[in-house]
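**Student:** All I have is the shape, not the residue letters:
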């Protein structure tokens, strides 16, 4: 055969030769977008200061990642959107009136200590935003539990401090909660809209649900963790949540208060720190729901979502091992062997 | 009725529209053909011609050595001008016979035997063996070996694989549209050889006209059932097809015959029909030449040994100067480093991807444990774990995650949002550890 004419250049690479359009950064930016309704509601109820807190949180997260990666001579990956998402989630989990150094410290802990020191995206054991918040809560217990009264006014010069619904429930019981909110319908409505004291991004159930539906519809999260998480919490709240008697608790109040929805749909579902196998995710969600309610009902804190998710994060690798997928054909084979 | 299918799988754009309406047309007679003596899985053939020898079309030029092997025939009449090592599409160098085509198309002998169904199973099987027929879907496993199941593994089902689940390819589709009766006859012969009275033809539902055509051709055959399958890659993988149609799961690292099934490709069935009826050896096959990078996509009847460069020319050449040319489909095919590579019995398509559409493999990210690959792996593996372990050098540990059950369909790599070359990590681990 004569020497081939070299008129074409051929590109050679390994199969497969086509790939889906999904990318890590598209996922991260989509999750970020899905959190915007809740962030906007937070800004509406808690004013410009809430916006600044979230903004500082995001900027610090991005800068920490950028500077850290520069310093240790790694490729910078801030454009993948994961640092922005972590910053946003941390900001949404902060009380509205914290001093501005709080989000800075929190984001640094989240990005540098929780994420980068463990190897960066994909290698962290714990949800970065939640470690950031846990660090702040333990280090600055006072600042992290000053809750401002929500008000629709754009400029609030003398915003009053108050207790969160869960705080009232813990300290004074359900009767006091009814007293504060008037009646049950009003209580549910206010919780649903988000007109209550709490962290910036956790209060508006409706806004969070809009984001959650978007993520579920696009397939960025699956139902397994949120459904098992929320239903476990609801059942426990119903059975053990009442004072004095079993089956007298109010699951709706528990689901709509605190960081339950934000945690179940947006934080527990973090790919890196939750199990990858769907069956395992159900166990993970049940664990989260159980621990959340254990802390809420029996623990020292009024809220338990954060610690519940962080504790379950430790179990993710083990759960994945335990729920290792079955190889195609393996079941049939073992049956035959038994025969 | 829900369409038959398997668990997992992906939905890449099928891109069949580029070539699906092009009739199978013969190529211009090639000036010379390069016929490799290994075109199948198994032992290489022994050379049976010399340089300078004149051969006829259909003459044996390589005789099989061992049971798992298949003879190789000349696809043209002419003179052997060279014998030497030439590359296959995979880059493997193989002893090949170069024959100059005299254009006379002189056959050794072809006899029409319309009563072929009266032949005994053993006579039919001998015809399949002598014709050098191998699985034409790509794996190229000698057909007669599949037709000789050991006594302890009785076969009761034959399935023809018309899924053609690889995007772009339309060779089997055109055969089902243009020669549905030959397809059905091929299946009947297979059933007779194996003494089986359950025959199925599985076709993905994005080819409704093929389903109709084959159904019509098989209408007089009570033992043959045409199954429309869900459109999902890799529906045409043997194990997935058997699960979808027969509801049986081939055990890990087992063979279809372990669950009483033999699967053959559509093209193989047609070749078997031609071998049984005319004694025609496998010297030509349908090849889809397609892709956004080639000027006129076509379905061609190609003589084995025709060079890919000839086929590209036949289809008007490239649209862009630089392109990726793939032997096979985009999911499992091989990118070729030279176009002077012959079409073999297992070449189902030549796909040309223009430079602008080529996805470069460099610059992948870390695994974010999103679990997409786990959800879609048709074999129920955890590709994410395999890729991470292999990437970090924990090759032995990959066996805990059933490394060797992966058949490299590429679905995990397709869905990975971090663009990780998961299959390549798996291949790396496979090459470094013992099963």
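**Tutor:** It's in. Remember, it's a predicted structure, so these values are computed and weren't measured experimentally.
**Student:** Look up the closest residue to residue A:243, ignoring the ones flanking it.
**Tutor:** In space, and not counting its chain neighbours, residue A:243 is closest to residue A:173: 6.0 Å by CB to CB, 6 or more residues apart in numbering or on different chains. All C-beta spots, glycine's among them, are computed from the backbone N, C-alpha and C.
**Student:** What backbone torsions are found at that neighbour?
**Tutor:** Dihedral pair for residue A:173: phi 90, psi 170, per degrees, to the nearest 10.
**Student:** touching chain A at all, stretch B:419-429?
**Tutor:** Yes: counting by CB under 8 Å from any CB of the partner chain, chain A is contacted by stretch B:419-429 at B:419, B:421, B:423, B:424, B:427.
**Student:** low-scoring stretches of the chain, by residue?
**Tutor:** No chain was given, so I picked chain A. For chain A, the stretches with pLDDT under 70 are A:1-7, A:152-159, A:331-339.
**Student:** should've been chain B
**Tutor:** By pLDDT under 70, the low-scoring segments of chain B are B:1-2, B:361-362.
**Student:** need the next SSE after the longest helix seen in it, C-terminal direction.
**Tutor:** Taking DSSP state H as the criterion, chain B has its longest helix at helix B:180-194. Next helix or strand after helix B:180-194 toward the C-terminus (DSSP states H and E): strand B:199-204.
**Student:** How far off centre is the helix or strand just after that next one?
**Tutor:** Counting by DSSP H and E, the next helix or strand C-terminal to strand B:199-204 is helix B:208-217. Relative to its parent chain, helix B:208-217 has a centroid offset of 21 Å by CA atoms, centre = their mean, to the nearest Å.
**Student:** What of stretch B:51-64?
**Tutor:** Distance of stretch B:51-64 from its chain centroid, counting by CA atoms, centre = their mean, is 25 Å.
**Student:** got the buried residues for that stretch?
**Tutor:** Residues of stretch B:51-64 classed as buried: B:55, B:56, B:57, B:58, B:59, B:60, B:61, B:62, B:64 (neighbour count, 16 or more other CB atoms under 10 Å in any protein chain shown).
**Student:** Please report how far the second one lies from chain A.
**Tutor:** When distances are taken as CB to the nearest CB, to the nearest Å, residue B:56 and chain A turn out to be 23 Å apart.
**Student:** quick one on the thing from earlier: look up how far residue A:253 lies from the residue nearest to residue A:243.
**Tutor:** Computed with CB to CB, to the nearest Å, the distance linking residue A:173 and residue A:253 is 12 Å.
**Student:** Compare these two (neighbour count), which wins?
**Tutor:** Neighbours were counted for residue A:173 and for residue A:253 using other CB atoms under 10 Å in any protein chain shown; residue A:253 has more, 21 against 11.
**Student:** picking that back up, quick one: the longest helix of chain B to chain centroid distance?
**Tutor:** Chain-centre distance of helix B:180-194: 18 Å, with CA atoms, centre = their mean.
**Student:** Just the residues contacting it, thanks.
**Tutor:** Outside helix B:180-194, the residues that touch it by CB atoms under 8 Å, 6 or more residues apart in numbering or on different chains are B:116-117, B:121, B:124-125, B:128, B:147, B:149, B:155, B:158, B:160, B:162, B:175-176, B:196-199, B:201, B:213-214, B:216-218, B:221, B:223-224, B:262, B:264, B:266, B:268-274, B:276-277.
**Student:** still on that earlier bit, looking at the buried residues of stretch B:51-64, which are in strands?
**Tutor:** Under the assignment DSSP state E, the buried residues of stretch B:51-64 contribute B:55, B:60, B:61, B:62 to strands.
**Student:** Just give me the closest of these to residue A:219.
**Tutor:** Relative to residue A:219, the closest of these is residue B:62; by CB to CB it sits at 51.2 Å.
**Student:** Close to chain B: what parts of the stretch 151-300 of chain A are there?
**Tutor:** So far as CB under 8 Å from any CB goes, the stretch 151-300 of chain A lies against chain B at A:271, A:272, A:274, A:276, A:277, A:278.
**Student:** Could you confirm residue B:80 falls within a helix?
**Tutor:** No: counting by DSSP: H, G, I helix; E, B strand; the rest coil, residue B:80 falls outside a helix, being strand.
**Student:** wait, isn't it in contact with residue B:56?
**Tutor:** No: using CB atoms under 8 Å, residue B:80 is not in contact with residue B:56, being 11.8 Å away.
**Student:** can you list residues touching both of the two?
**Tutor:** Common neighbours of residue B:80 and residue B:56 (CB under 8 Å, 6+ apart) do not exist.
**Student:** all strands of the stretch 51-200 of chain B, in order?
**Tutor:** Assigned by DSSP state E, counting those that start in this stretch, the stretch 51-200 of chain B shows strands spanning B:54-55, B:60-63, B:72-73, B:78-87, B:93-101, B:157-162, B:199-204.
**Student:** which other residues reach the first one?
**Tutor:** It refers to strand B:54-55. By CB under 8 Å, 6+ apart, strand B:54-55 touches B:49, B:61, B:74, B:77, B:78, B:79, B:80, B:99.
**Student:** can you tell me the residue of the stretch 101-250 of chain A closest to chain B?
**Tutor:** Going by CB to the nearest CB, chain B is nearest to residue A:122 of the stretch 101-250 of chain A, at 3.6 Å.
**Student:** Tell me which residues touch that residue, please.
**Tutor:** Here residue A:122 is in contact with A:272, B:365, B:366, B:367, B:368, B:369, B:418 (CB under 8 Å, 6+ apart).
**Student:** ok, and the closest non-adjacent residue to it?
**Tutor:** Among residues not flanking residue A:122 along the chain, residue B:366 sits closest, at 3.6 Å (CB to CB, 6+ apart).
**Student:** Let me know the secondary structure of the one you found.
**Tutor:** Secondary structure, three-state DSSP: residue B:366 is coil.
**Student:** For residue B:265, see how far away residue B:390 is.
**Tutor:** Counting by CB to CB, the gap from residue B:390 to residue B:265 is 31 Å.
**Student:** of the two, who's got more company?
**Tutor:** Comparing residue B:390 with residue B:265 by neighbour count (other CB under 10 Å), the higher total belongs to residue B:265, at 28 against 24.
**Student:** can you list the domains in chain B?
**Tutor:** Here the domain parsing of chain B from automatic domain parsing is B:31-101+B:283-355, B:112-278, B:372-432.
**Student:** got the end-to-end distance for the longest one?
**Tutor:** By CA to CA, to the nearest Å, the extent of domain B:112-278 from end to end equals 5 Å.
**Student:** Same check on the last one?
**Tutor:** Start-to-end span of domain B:372-432 (CA to CA) is 26 Å.
**Student:** Okay, buried residues for stretch B:312-320 please.
**Tutor:** By neighbour count with 16+ other CB under 10 Å, stretch B:312-320 contains the buried residues B:312, B:314, B:315, B:318.
**Student:** my bad, should have said stretch B:99-109
**Tutor:** In terms of neighbour count (16+ other CB under 10 Å), stretch B:99-109 has its buried residues at B:99, B:100, B:101, B:102, B:107.
**Student:** what do you get for stretch B:272-291?
**Tutor:** Across stretch B:272-291, burial judged by 16+ other CB under 10 Å covers B:272-291.
**Student:** How about stretch A:298-309?
**Tutor:** Applying 16+ other CB under 10 Å to stretch A:298-309 flags A:299, A:301, A:302, A:303, A:304, A:305, A:306, A:307, A:308, A:309 as buried.
**Student:** Out of those, the closest to residue B:228 would be?
**Tutor:** Distance to residue B:228 across these (CB to CB) is lowest for residue A:309, with 45.2 Å.
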